[in-house]
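Engineer: No letters, just coordinates:
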Ligand SMILES: *[C@@H]1O[C@H](CO)[C@@H](O)[C@H](O)[C@H]1NC(C)=O
Ligand SMILES: *[C@@H]1O[C@H](CO)[C@@H](O)[C@H](O)[C@H]1NC(C)=O
């Protein structure tokens, strides 16, 4: 019996991924096997539906079954987490939040944490702070995630001093800021091209004994020129924190967006230098970028190279090479303006302990 119950639950999880109505039917069918689905199974189904993006179905299912499974905080929190964390939609989250009070379900610390994170992601400083106050007034203790949300939205709204003050506040409450706390400041600063401030925060982070994460490095790389990018890549290697395949995609796309195909090509050589075998996504980014910048010959060369390395034909790329859409990704500049940027590759070739990452060829 237990085994049957477990296999039904496993099935429900899988079905929720592709076929929510099938998952829901299975849940009801548990009755026929003389298994009365309990609250735990009910929540498992709600979570599975949300996790796979079927948040509306989850909510509807929760409301339809309110006679058997009375509405309570846990169910609403699952739906809230869906709208706040899985697919961020502040309008839906506010509607569910109102639904809680309309149904006399009391939000708890988890519900507040979700809503504050949603407002923060939406850049809504006022409502983030309002809910933070309300949460404390109702006797709930904010956790690190709440503070990180506040720090993020404060920084994005140009209140850096206040954001730094929240870090002190975290320590006062006995919590420990972690890398995600510092990333909550560094990421928006880098996005706003405030690299000096971002570097200061980075220095504080290291002083606190915290390690930058790959997300921290990626944030900095986003705003850096060729030299800065190379320096950052070498720091990553030294710290044994990447660079990974996503790093290189980021770097390639960045230089194409800046209209600097020459620099993108230099980065390509970096990838090969460290023997990270480019995968099909890297080739696609390179070829599309080159074509969009009008470097068609180069794009074709790399397409040929890609094919010779055993990657499959890509009809989209082939079409692009036949009839390029210039101006797609390449915003400014062209081949002529990019020939003379002086890049100095630091003489670090000897002492970089490059992590060798081999990836199998896609067939
Ligand atoms: C909020 O309530 C739900 C359901 O009762 C519970 O599972 C969760 O742990 C609560 N959150 C906090 C932070 O107490
Ligand atoms: C959001 O999702 C992350 C990762 O899945 C999780 O660690 C975090 O606790 C979630 N936040 C909330 C408010 O539920």
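Structural biologist: It's in. Predicted model only: the values in this text are computed from it and were never measured. Ligands and ions are numbered 1, 2, ... in the order given.
Engineer: how about the helices in the stretch 51-200 of the chain?
Structural biologist: Ranges of helices within the stretch 51-200 of the chain are 55-64, 73-81, 90-102, 109-121, 125-137, 144-156, 160-172, 179-191, 195-207, based on DSSP state H, counting those that start in this stretch.
Engineer: In CSV, list the ones you listed along with mean pLDDT.
Structural biologist: Shown next, in CSV, are the helices of the stretch 51-200 of the chain (pLDDT from 0 to 100):
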stretch, mean pLDDT
helix 55-64, 94
helix 73-81, 98
helix 90-102, 97
helix 109-121, 98
helix 125-137, 97
helix 144-156, 98
helix 160-172, 96
helix 179-191, 97
helix 195-207, 96
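Engineer: Name the spans of the stretch 201-350 of the chain whose pLDDT lies under the cut-off.
Structural biologist: Low-confidence segments of the stretch 201-350 of the chain (pLDDT under 70): 275, 324-350.
Engineer: And the residue of it closest to ligand 2?
Structural biologist: Residue nearest to ligand 2 within the stretch 201-350 of the chain: residue 215 (13.2 Å; C-beta to the nearest ligand atom). Every residue, glycine included, has its C-beta placed from N, CA and C.
Engineer: And the closest residue in space to that residue that isn't next to it in sequence, how far from ligand 1?
Structural biologist: Spatial nearest neighbour of residue 215, chain neighbours left out: residue 183 (5.5 Å); criterion: C-beta to C-beta, 6 or more residues apart in numbering. Residue 183 sits 23 Å away from ligand 1, taking C-beta to the nearest ligand atom, to the nearest Å as the criterion.
Engineer: Likewise for residue 174?
Structural biologist: 16 Å.
Engineer: burial count for that residue?
Structural biologist: When neighbours are counted by other C-beta atoms under 10 Å, residue 174 registers 6.
Engineer: Number the chain from 51, please
Structural biologist: Shifting the count to begin at 51 puts that one at residue 224.
Engineer: Can you give me the neighbour number for the residue of the stretch 201-350 of the chain found nearest ligand 1?
Structural biologist: At 14.2 Å from ligand 1, residue 225 is the closest residue in the stretch 201-350 of the chain, using C-beta to the nearest ligand atom. A total of 15 residues lie near residue 225 under the criterion other C-beta under 10 Å.
Engineer: Quick check: phi and psi at residue 102.
Structural biologist: phi -100, psi 20 (degrees, to the nearest 10).
Engineer: and the gap between the residue nearest to it when sequence neighbours are not counted and ligand 1?
Structural biologist: Excluding the flanking residues, the one nearest residue 102 by C-beta to C-beta, 6+ apart is residue 67, at 4.5 Å. Distance of residue 67 to ligand 1, computed by C-beta to the nearest ligand atom: 24 Å.
Engineer: right, and the helix or strand after the host helix or strand of residue 67?
Structural biologist: Assigned by DSSP states H and E, residue 67 belongs to helix 52-68. As assigned by DSSP H and E, the chain's next helix or strand after helix 52-68 is helix 70-79.
Engineer: Give me the contact list for that following helix.
Structural biologist: Contacts made with helix 70-79 from outside it, assessed by C-beta atoms under 8 Å, 6 or more residues apart in numbering, are listed as 58, 61-63, 65-66, 87, 91-92, 95, 98-99, 102, 104, 107, 111.
Engineer: List the contacts of whichever residue of the chain sits closest to ligand 2.
Structural biologist: The nearest approach of the chain to ligand 2 comes at residue 135, 3.7 Å away (C-beta to the nearest ligand atom). Residue 135 sits next to 164, 167-168 when contact means C-beta under 8 Å, 6+ apart.
Engineer: Kindly present those residues as CSV, with separate columns for distance to ligand 2.
Structural biologist: Output for the contacts of residue 135, formatted as CSV (distance: C-beta to the nearest ligand atom, whole Å):
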residue, distance to ligand 2
164, 4
167, 5
168, 9
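Engineer: filter those residues by proximity to ligand 1?
Structural biologist: By C-beta under 6 Å from any ligand atom, no member of the contacts of residue 135 lies near ligand 1.
Engineer: The helix or strand harbouring residue 97 - contacts with which helices or strands?
Structural biologist: Using DSSP H and E, residue 97 sits within helix 89-101. When contacts are defined as 3 or more C-beta pairs under 8 Å, 6 or more residues apart in numbering; DSSP states H and E, helix 89-101 packs onto helix 52-68, helix 70-79, helix 105-114, helix 123-131.
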